[in-house]
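> Quick one: sequence and predicted model below, then my questions.
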Amino acid sequence: MVKIIHSPIGHHYIVEASGCDPKIIGSVEKVQQILVRAAEIAGAHVWSISFSKFPPAGVSGVVVISESHISTHTWPEMGYAALDIYTCGANTKPDKAVIYAVEEFGAETSHITEITRGIDEGDAVFYHSFITWEEHLKKTAPKKDREKDKA
């Protein structure tokens with residue numbers, strides 16, 4: 001077996017997914033299936049999977065990958081899912097995992113922070129940098145605008 005050494009350079013995505021489908025993010029089976037598939041889409045190697053349901057309806061879980069992890073906690077009653085996707089090395093595409101998971105959760109909007117971690121300028125003193133952006137995913141108007149139109 002070939003041993004792969006992963007660089008400390010990694011990409012860590014912190015994602016706030018709003019307007020998610022409560023039926024999807026409230027199902028342990030669906031959330032687990034989505035995040036395992038997200039890991040596969042990213043080109044990661046799955047090592048361990050653990051998901052649980054919490055009262056009143058939330059799902060928490062982690063997919064441990066050889067490159068690091070993908071985790072979530074959901075609040076179906078609020079249509080909200082928090083995602084944490086971190087991979088190290090240059091052989092994965094965590095951005096593809098982010099896009100897949102957010103779309104599969106049915107999110108209307110996502111707020112994403114990408115942190116590049118393990119940056120070293122040759123002195124073995126590591127640091128990180130980050131960028132943040134928001135995306136409107138569905139072509140519908142935001143909930144508050146739809147509610148205003150109904151009135």
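Done, it's in.

> Look at the nearest residue to Trp47 once chain neighbours are set aside and report its pLDDT.
Closest residue to Trp47 apart from its sequence neighbours, by C-beta to C-beta, 6 or more residues apart in numbering: Val64 at 4.8 Å. C-beta here means a position set from N, CA and C on the backbone, and glycine is covered the same way. If you check Val64, the pLDDT there is 98.

> hang on, isn't Val64 packed against Ala44?
No - applying C-beta atoms under 8 Å as the test, Val64 and Ala44 come out as separate, 9.8 Å apart.

> who does the helix or strand harbouring Ile115 pair up with?
In the assignment (DSSP states H and E), Ile115 maps to strand 109-120. Sheet pairing here is set by DSSP bridges, and for strand 109-120 it gives strand 10-18 (antiparallel), strand 126-136 (antiparallel).

> what about dumping the CA coordinates of that strand to PDB?
Below are the C-alpha coordinates for strand 109-120, written out as PDB (Å, rounded to 0.1, in the frame of the first residue of the first chain):
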ATOM      1  CA  THR A 109     -28.800  31.200   0.600                       C
ATOM      2  CA  SER A 110     -25.300  30.200   1.900                       C
ATOM      3  CA  HIS A 111     -22.700  32.300   3.700                       C
ATOM      4  CA  ILE A 112     -19.300  30.800   3.200                       C
ATOM      5  CA  THR A 113     -15.900  31.400   4.700                       C
ATOM      6  CA  GLU A 114     -12.900  29.700   3.100                       C
ATOM      7  CA  ILE A 115      -9.800  29.500   5.400                       C
ATOM      8  CA  THR A 116      -6.500  28.500   3.800                       C
ATOM      9  CA  ARG A 117      -4.700  26.800   6.700                       C
ATOM     10  CA  GLY A 118      -1.100  25.600   7.300                       C
ATOM     11  CA  ILE A 119       0.500  28.400   5.200                       C
ATOM     12  CA  ASP A 120       4.300  28.400   5.900                       C
END
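
> What are the buried residues along that strand?
109-110, 112, 114, 117-118 (16 or more other C-beta atoms under 10 Å).

> Can you tell me what sits against that strand?
Here strand 109-120 makes contact (C-beta atoms under 8 Å, 6 or more residues apart in numbering) with 7-19, 86, 88, 95, 98, 102, 126-137, 142.
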